[in-house]
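Structure of the sequence below:
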Amino acid sequence: MQYGPERELVYKSDSYIENGKNVTYQTTYLGNYEKVYRTGGAGTLTEHKFYIGDIIFTQRSNGANDTFYLHKDHQGSVIATTNASGSVVSQAIYDPWGKRTAVYLTSVLANFTYSELTDRGYTGHKHIKDLDIIHMGGRVYDPTIGRFLQADPNIQAPLDSQSYNRYAYVRLCFLNQLN
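Model (predicted):
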């Protein structure tokens, strides 16, 4: 991962094994634009993603262009993605600590799928799915343990004892606050 002068993520490279073949994804971030370059596996593909509000416009080197819409809950977590015709192409549910989960096993939401369209998820932050962590800009959050992996360098309110719990997310008020 590489970061820019404002400590924003500007580049990352990931390697996976997909269908028995090595695949590398190189992603460049510039504001609301992402360029994903995939090599290996089924061949080479370049994908350009433009985020305008809750809409993703994608343009691929193979000529496929799509528009997708992100649907969010009260915390800004992406809970569904629909295509231009309104069909649901992915959906997700999060526990109170941000871990993707299938909470309602008897509902249509039980069949949630991880969206490859966007890496955004809990509170709109970037998910690093293979490590099951969330990149929240300044720090990395682990939804399994409900804590940041680095201490907060700032103590926001010195007279509030919760400010000294520097690994906590939103002072442990997960359901009604966001960072």
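
what's the following helix or strand after the helix or strand of the chain with the lowest mean pLDDT?
Least confident helix or strand of the chain, by mean pLDDT, DSSP states H and E, is strand 88-91 with a mean of 82. Using DSSP states H and E, the helix or strand that follows strand 88-91 towards the C-terminus is strand 126-128.

ends of stretch 51-71, how far apart?
Stretch 51-71 has an end-to-end distance of 13 Å (Cα to Cα, to the nearest Å).

Give me the residues contacting it.
32-34, 44-50, 72, 78-84, 89, 117-118, 120 (Cβ atoms under 8 Å, 6 or more residues apart in numbering). To be clear about C-beta, it is placed using only N, CA and C from the backbone, and glycine gets the same treatment.

Using PDB, write out every CA atom in stretch 3-10.
The C-alpha trace of stretch 3-10 is given here as PDB (Å, rounded to 0.1, in the frame of the first residue of the first chain):
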ATOM      1  CA  TYR A   3      -0.200   6.700   0.800                       C
ATOM      2  CA  GLY A   4      -0.300  10.300  -0.400                       C
ATOM      3  CA  PRO A   5       0.800  13.500   1.300                       C
ATOM      4  CA  GLU A   6      -2.600  13.800   3.100                       C
ATOM      5  CA  ARG A   7      -2.200  10.200   4.400                       C
ATOM      6  CA  GLU A   8      -4.800   9.000   1.900                       C
ATOM      7  CA  LEU A   9      -4.500   5.600   0.300                       C
ATOM      8  CA  VAL A  10      -3.300   6.100  -3.300                       C
END
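
those strands in this structure, which residues are they?
Assigned by DSSP state E, the chain shows strands spanning 2-3, 9-18, 21-30, 33-40, 45-52, 55-60, 65-72, 78-83, 88-91, 126-128, 133-135, 140-142, 147-148.

Kindly reformat those strands as TSV containing mean neighbour count and distance to residue 165.
Formatted as TSV, the strands of the chain follow (neighbours: other Cβ atoms under 10 Å; distance: least, Cβ to Cβ, whole Å):
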stretch	mean neighbour count	distance to residue 165
strand 2-3	10	26
strand 9-18	13	26
strand 21-30	14	31
strand 33-40	16	34
strand 45-52	15	33
strand 55-60	15	36
strand 65-72	15	27
strand 78-83	19	28
strand 88-91	17	33
strand 126-128	19	24
strand 133-135	20	18
strand 140-142	19	14
strand 147-148	18	9
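
Of all those, which one comes closest to residue 155?
Residue 155 sits nearest to strand 147-148 of all these, at 14.1 Å, using Cβ to Cβ.

contacts for the closest one?
136, 139, 140, 141, 142, 166, 167, 168, 169.

The fourth one contacts residue 168, correct?
No: counting by Cβ atoms under 8 Å, residue 168 is not a contact partner of residue 141; they are 10.3 Å apart.

Might you list the low-confidence residue ranges for this protein?
Applying pLDDT under 70 to the chain picks out residues 102-116, 171, 173-179.
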